[in-house]
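Visitor: please work out how this folds:
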Amino acid sequence: MVHKHLQDSHESLTLYARYEFLKRNPVSEAHRNFCEMLTSEKGDNASNTLTNCRPVYTTAIMFYGTCVEKPEEVNPEEDSDTDSEDLNPPKEQFKVNFHKKDLSKFYEKFYEEKHKTESIKNVIAASGALERLYLRTLNGNFLEYVKKSKFPISHLRTTRAYGKVKLQFHDKGKKKIQNLEYWRCDKYRTLIWRNYHARLDGSRRFQQFAARNVFQMTRCTPLDEIEFKTEPYSSWNVAFEPFDKFYYILADCFLKSLVLKMNAKKFSMDITWFKSTPQDNNPKKEPLLVLLNLMKPEAIEHIKLRKWDDWHIRENRKTRIMRNFSRKVRQLEQWRMTRKLDILDKNIQVLPEDYIVGSQAETIRVGLKEKDVYELCELVRQRRFPFFLTMTVNGDFDYLKAVGLLAVKRDIKRVPPFEVNENLVKVSYRLGNFQDRKSLEFFMDFDNAEWEGKKENKIFFHIKDTTDEKTKN
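Guide: Okay, here's the model as predicted:
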């Protein structure tokens, strides 16, 4: 039964469309709600008298009062998503003479009134980031403009959580922090939180939704920083690790675009993946490799990595230590071109070749063992560029032990200054000529003095012109 008196009344349609617009429902959901109202039966809902009746999604539409069998039990520890973008979500099917494009016209009119302009370009320019995600669903014209527009954000944080993906960013237009969360909901697919406003959506699963929206927000937007975080642990099941299909779906979105890359100056990530078996040794499934490969090489300036603390899912309750990076990661252009590398984490133990060979980094924060200092010197001497390198190493690095190990090396000579006090160590070494040029020599300095208000262990590599010194001698 179709309530034609509602469908044929322009006043009723306008009132209903504005009601859905003010609720901040997207066009697809508003259209579904309106069509359900048009086709609803008068009187008591049958579901009130049938114990086995509950709202369900059929072809992405929720129909009430439908008798269904008890839903299949779902294991919350199993990921029900795929690792690629779903390009064919279910279609809406309603037998009413009121289409989504009709409702889109109302929404377009309301947005024009809100922003006091009839220009699609100006409407989008005046809208915040959250509003733009809705605007692209109005019609093809809005979609194309939103695709080409830069979102008013500079810092985007994504967080893998337990049965959810969280997004947080600063909206420069609205001048405030915005939060978007996508929660797993097996019956209705996804529960979407927009700050404190929530709605159910049956068209895509939560990781599909999150990845698609991150893609839309970053495809043309230059960012100061993009973060990929992971929540510490789940209080209700500490042995459960968050799903990671979100990463692969996001990569699939960029892959299908063929030419698009994420434009960010700083890339931060919590590393969680380990090659524990030969079957796992697949670089295509290593999140660090997958996500870092999405970055525009010429834009990235800073890479920061931290080890996700997984003590709670280990039988011995000890955090797994990452020993070295995949060779594929070290070969990435993004890794080689970045100017800053920050992997100073006690649970990340990497070799000097992981961050020196082929790298153009000028500032490196990393954990270093005393026995690896000589190998570090050898690798730095082989670098052609840059000529200067500043390293911050772990707080428990023993300079005196390193000095003792270097004392037996004949190709490294200690030179003044040499200072050792209770709280100060400053030692300099001459490493040899730079690229066979006798006037230029490589030097290495140890220094654990104050640095920008903080006490840090530093190692400096630099080139010095010693022509004047040799002339005096």
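Visitor: select the helix or strand of the chain having the lowest average pLDDT value.
Guide: Ranked by mean pLDDT, DSSP states H and E, the helix or strand of the chain with the weakest confidence is strand 61-63, at a mean of 35.
Visitor: and after that one, which helix or strand comes next?
Guide: Reading on from strand 61-63 to the C-terminus, the next helix or strand found by DSSP states H and E is helix 100-115.
Visitor: so what secondary structure elements neighbour that following helix?
Guide: Of the remaining helices and strands, those touching helix 100-115 by 3 or more C-beta pairs under 8 Å, 6 or more residues apart in numbering; DSSP states H and E are helix 10-22, helix 27-38, helix 120-125. C-beta coordinates here come from the backbone N, C-alpha and C atoms, glycine included.
Visitor: could you export the first one as CSV, CA atoms only?
Guide: This means helix 10-22. The C-alpha coordinates for helix 10-22 follow below in CSV (Å, rounded to 0.1, in the frame of the first residue of the first chain):
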residue,chain,number,x,y,z
HIS,A,10,4.8,19.0,-2.4
GLU,A,11,4.4,20.5,1.0
SER,A,12,4.6,17.0,2.6
LEU,A,13,7.7,16.1,0.6
THR,A,14,9.4,19.4,1.4
LEU,A,15,8.6,19.1,5.1
TYR,A,16,9.9,15.5,5.2
ALA,A,17,13.0,16.3,3.2
ARG,A,18,13.9,19.1,5.5
TYR,A,19,13.3,16.9,8.5
GLU,A,20,15.8,14.3,7.2
PHE,A,21,18.2,17.1,6.2
LEU,A,22,18.2,18.5,9.7
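Visitor: show me what it is packed against.
Guide: Taking 3+ C-beta pairs under 8 Å, 6+ apart as the contact cut, helix 10-22 packs with helix 4-7, helix 27-38, helix 100-115.
Visitor: need the residues that contact the last one.
Guide: By C-beta atoms under 8 Å, 6 or more residues apart in numbering, the residues outside helix 100-115 that reach it are 13-14, 17-18, 20-21, 27-28, 30-31, 34, 92, 118, 122-123, 126-127, 135, 138-139, 142.
Visitor: pLDDT (mean, whole number) over it?
Guide: In this model, helix 100-115 has a mean pLDDT of 82.
Visitor: which positions within that helix qualify as buried?
Guide: 100, 103-104, 106-108, 110-111, 115 (16 or more other C-beta atoms under 10 Å).
Visitor: hang on, the earlier thing: can you flag the buried ones in the contacts of helix 100-115?
Guide: In the contacts of helix 100-115, the ones that pass as buried (16+ other C-beta under 10 Å) are 13, 17, 20-21, 27-28, 30-31, 34, 123, 127, 135, 138-139, 142.
Visitor: between those residues, which is nearest Val408?
Guide: When the buried ones among the contacts of helix 100-115 are compared for distance to Val408 (C-beta to C-beta), Ser127 wins out at 66.9 Å.
Visitor: so how far is Lys174 from that closest one?
Guide: 10 Å (C-beta to C-beta, to the nearest Å).
Visitor: which residues are in contact with both of these two?
Guide: Looking at what touches both Ser127 and Lys174 (by C-beta under 8 Å, 6+ apart), there is no common residue.
Visitor: the chain - how does it break down into domains?
Guide: 4-71+81-95+106-115, 372-473 (automatic domain parsing).
Visitor: lowest average confidence across the ones you listed, which one?
Guide: Between the domains of the chain, the model is least confident about domain 4-71+81-95+106-115 (mean pLDDT), which shows a mean of 62.
Visitor: contacting residues for Phe209?
Guide: By C-beta under 8 Å, 6+ apart, Phe209 lies in contact with 182, 190, 192, 201.
Visitor: sorry, that was for Gln334
Guide: Taking C-beta under 8 Å, 6+ apart as the criterion, Gln334 is in contact with 267, 292-293, 295, 297, 300, 303.
Visitor: ok, and the most crowded of the residues you listed?
Guide: For these, the largest number of neighbours (other C-beta atoms under 10 Å) sits with Phe267, at 26 neighbours.
Visitor: all strands for the stretch 101-250 of the chain, in order.
Guide: Using DSSP state E, counting those that start in this stretch, the strands found in the stretch 101-250 of the chain span residues 153-161, 164-171, 176-185, 189-194, 197-201, 223-230.
Visitor: check the ones you listed for me: which has the lowest mean pLDDT.
Guide: Summarising mean pLDDT across these, the least confident stretch is strand 197-201, with a mean of 82.
Visitor: tilt between that strand and strand 189-194?
Guide: Using axes from the mean of the first three to the mean of the last three C-alpha atoms, to 10 degrees, the interaxial angle of strand 197-201 with respect to strand 189-194 works out to 160 degrees.
Visitor: quick check: buried residues in strand 197-201?
Guide: Quick answer for strand 197-201 (16+ other C-beta under 10 Å): 200-201.
Visitor: tell me the strands beside that strand, with direction?
Guide: For strand 197-201, the pairing partners within the sheet under DSSP bridges are strand 189-194 (antiparallel).
Visitor: excluding chain neighbours, what is closest to Lys346?
Guide: When the adjacent residues along the chain are set aside, Lys346 lies closest to Gly367, with 6.5 Å between them (C-beta to C-beta, 6 or more residues apart in numbering).
Visitor: is it true that the one you found touches Leu351?
Guide: No: under the criterion of C-beta atoms under 8 Å, Gly367 makes no contact with Leu351, lying 10.8 Å away.
Visitor: quick revisit: could I get the buried residues of helix 100-115 in TSV, plus columns for distance to Asn263?
Guide: Compiled in TSV, the buried residues of helix 100-115 are given as follows (distance: C-beta to C-beta, whole Å):
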residue	distance to Asn263
Lys100	33
Leu103	35
Ser104	31
Phe106	35
Tyr107	30
Glu108	30
Phe110	32
Tyr111	28
His115	27
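Visitor: if I look at Lys176, how far off is Phe169?
Guide: In terms of C-beta to C-beta, Lys176 sits 10 Å off from Phe169.
Visitor: quick one, which of these two is more surrounded?
Guide: Between Lys176 and Phe169, counting by other C-beta under 10 Å, Phe169 is the more crowded of the two (24 against 10).
Visitor: ranges for the strands of the stretch 251-400 of the chain?
Guide: 264-271, 302-307, 340-343, 363-366, 389-393.
Visitor: on that earlier part again, tabulate the helices and strands packed on helix 100-115 (CSV), appending distance to Glu441.
Guide: Shown next, in CSV, are those (distance: least, C-beta to C-beta, whole Å):
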stretch, distance to Glu441
helix 10-22, 71
helix 27-38, 68
helix 120-125, 56
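Visitor: to Ala210, which of those helices lies closest?
Guide: Distance to Ala210, taken as C-beta to C-beta, is lowest for helix 27-38 among those, at 17.4 Å.
Visitor: which neighbouring elements make contact with that closest one?
Guide: Contact analysis of helix 27-38 by 3+ C-beta pairs under 8 Å, 6+ apart lists helix 4-7, helix 10-22, strand 61-63, helix 100-115 as its packing neighbours.
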